[in-house]
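[1] no sequence on this one, just coordinates:
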C-alpha cells in the first residue's frame, strides 16, 4: 500500500503546505511543536477540510478537492489511536473491542477478534473494565479497537506521550508487531527519536507547516539539518547471535560484532539498534586496554563541521554507516580525512533498551 498526501490550507497565520508519498509500514511524522504534524493528521482524518488537497491510501481516495471528492470522517475507514485510550468506562474490554466492529463495512475482511486479542496479548483482560487496567493495558485495548474497525489506515497521534517509561516499553513491541504482521499502514506522530528508530519504515520531517525531508530512519536520524547535531544517530540492522552468562547479548551487524546489555529476543531474531553519535569515539589505530567492548574498523566516508566546536564523522563499516560526534579540534589533531581507515569505539552500556527494536530497516 502507498500513502499519498498533498494538502494546502491556511489557519490564521499558519500555512500548511505538505506533500509526501510513503510505502506500506509505519510512516512517522516528526518535527518541533507547531510544525503542523497534528494538523496534517487531522486533515487525513477529515477533521479539517483543506483549501486544496489530495489524500489517497493505495486506491482509496479520502480527499480530492479538484475532483470534488471529500469523504466525511466516518466513511474514511480509519482507526485512530489517541494519546489517551478513550475507552468506554461502563463497557468491558471485550465490549470496547467489539465496538470497533460497528464501523467496519460488512464486506470488509479485517482482523478477527481472536487474532487481535492474541496479537496484543490481552486475552486475560477481556472481562475487565477500563478502570481496572494500567495505562499500557488501556492503550493496547485502544489499538485493538482501532484494528477491529477494519481500517485502511491507522492514525496514531503521539500514542505513548501520556505513559511513563515502563508503560512505553510495554507498548512499543505491539506497534512493532502491527508494522510487521498487519497489512494496515500506520501514520504515527512522535517527538521521540527512539520511537522513530524502532518503528519507522518512512520518516517525514515537518517544519513550519511544510515537509522538510522524507526518508528512511537511518537517513533522517543522521541528518543534522533535521534532528540537530546533538541528536544525530545511526541505525544499524543486527541479528541476535547469543546471550552470554555475564548479561550481555552478542549481535552480528554489517559493521561487525556488537555486545549490548541483554536483549529480550531469541538468537536469530532481526533487530534494529539506534546509536547516538555522541556515544561513539574514534581512534586512528585499533585501541588496546579499553573497557569498551565494541571496536569496529571502518573507513571515513564524510566529515561535516558546523558553526560550533563539533564535527560529525561518518564511517563506512562493512555495509553499514556509523556516525561519531567529536570536536573539530580532534579532527585536526588526529588528521582525519575522508578515505582514511579508522576505528569506532562504543561502550556496551551506552545503548539504552528503548533504542533497540525488532525488524530491519530496508
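    Arrived safely. As the structure is a prediction and not an experimental result, all values here were calculated from the model.

[2] longest helix in this protein, please.
    helix 165-181 (DSSP state H).

[3] what sits up against that helix?
    25-26, 119-121, 134-136, 139-140, 143, 147, 154, 156, 159-160, 163, 184, 186, 188, 195, 198-199, 201, 353-354, 357-359 (CB atoms under 8 Å, 6 or more residues apart in numbering). Using the backbone N, CA and C atoms, a C-beta is placed for each residue, glycine as well.

[4] give the buried residues for that helix.
    By neighbour count with 16 or more other CB atoms under 10 Å, helix 165-181 contains the buried residues 167, 168, 170, 171, 172, 174, 175, 176, 177, 178, 179.

[5] what residues does the helix or strand encompassing residue 204 touch?
    Assigned by DSSP states H and E, residue 204 belongs to strand 202-207. Residues outside strand 202-207 that contact it (CB under 8 Å, 6+ apart): 18, 20, 22-23, 25-32, 35-37, 40, 196, 211-217, 219-221, 223, 226.

[6] quick one, phi psi at the nearest residue to residue 74 once chain neighbours are set aside?
    Closest residue in space to residue 74, ignoring its immediate chain neighbours: residue 103 at 7.1 Å, by CB to CB, 6 or more residues apart in numbering. Main-chain dihedrals, residue 103, degrees, to the nearest 10: phi -100, psi 0.

[7] show me what the helix or strand harbouring residue 330 is in contact with.
    Per DSSP H and E, residue 330 falls inside helix 328-334. With CB under 8 Å, 6+ apart as the test, helix 328-334 has contacts from 282, 284, 303, 305, 309, 310, 311, 313, 336.

[8] chain center to that helix, what's the gap?
    Offset of helix 328-334 from its chain centre (CA atoms, centre = their mean, to the nearest Å): 34 Å.

[9] for the helix or strand that it is followed by, packing partners?
    Per DSSP H and E, helix 328-334 leads on to strand 341-346 as the next helix or strand towards the C-terminus. Packing partners of strand 341-346 (3 or more CB pairs under 8 Å, 6 or more residues apart in numbering; DSSP states H and E): strand 280-283, strand 294-305, strand 310-317.

[10] just for the stretch 1-150 of the chain, where's the confidence low?
    The model of the stretch 1-150 of the chain has pLDDT under 70 over residues 106-110.

[11] ranges for the helices of it?
    Using DSSP state H, counting those that start in this stretch, the helices of the stretch 1-150 of the chain run over 37-45, 93-99, 113-120, 135-147.

[12] what residues are bridge-paired with residue 302?
    residue 314 (DSSP bridges).

[13] number of nearby residues for it?
    Residue neighbour count, defined by other CB atoms under 10 Å, stands at 13 for residue 302.

[14] what's the separation between the residue lying closest to residue 306 once chain neighbours are set aside and residue 163?
    Once flanking residues are discounted, residue 306 sits nearest to residue 229: 6.1 Å by CB to CB, 6+ apart. From residue 229 across to residue 163, the span is 29 Å (CB to CB, to the nearest Å).

[15] nearest residue to residue 161 in space, please, no chain neighbours.
    Closest to residue 161 by CB to CB, 6+ apart is residue 83, at 5.0 Å.

[16] before we move on, the earlier item: next, the angle helix 135-147 makes with the longest helix of the chain.
    30 degrees (axes from the mean of the first three to the mean of the last three CA atoms, to 10 degrees).

[17] what's the first helix or strand after helix 165-181?
    Sequence-wise, the next helix or strand downstream of helix 165-181 (DSSP H and E) is strand 186-189.

[18] can you give the contact residues for that following strand?
    Contacts for strand 186-189 (CB under 8 Å, 6+ apart): 3, 25-29, 37-38, 41, 44, 153-159, 175, 178-179, 195, 199-200.

[19] domain boundaries for the protein, per the record?
    The record's domain parsing of the chain by automatic domain parsing lists 3-215, 233-358.

[20] pick the most deeply packed of those domains.
    The highest mean neighbour count among the domains of the chain, using mean count of other CB atoms under 10 Å, belongs to domain 3-215: a mean of 18.

[21] that domain: end-to-end distance?
    14 Å (CA to CA, to the nearest Å).

[22] ditto for stretch 80-94
    18 Å.

[23] mind checking how far that stretch is from the chain centre?
    Relative to its parent chain, stretch 80-94 has a centroid offset of 23 Å by CA atoms, centre = their mean.

[24] go on, stretch 93-106?
    Chain-centre distance of stretch 93-106: 27 Å, with CA atoms, centre = their mean.

[25] who touches that stretch?
    74, 77, 79, 87-88, 91, 110, 113, 116-117, 122, 125-130, 133, 141, 144-150.
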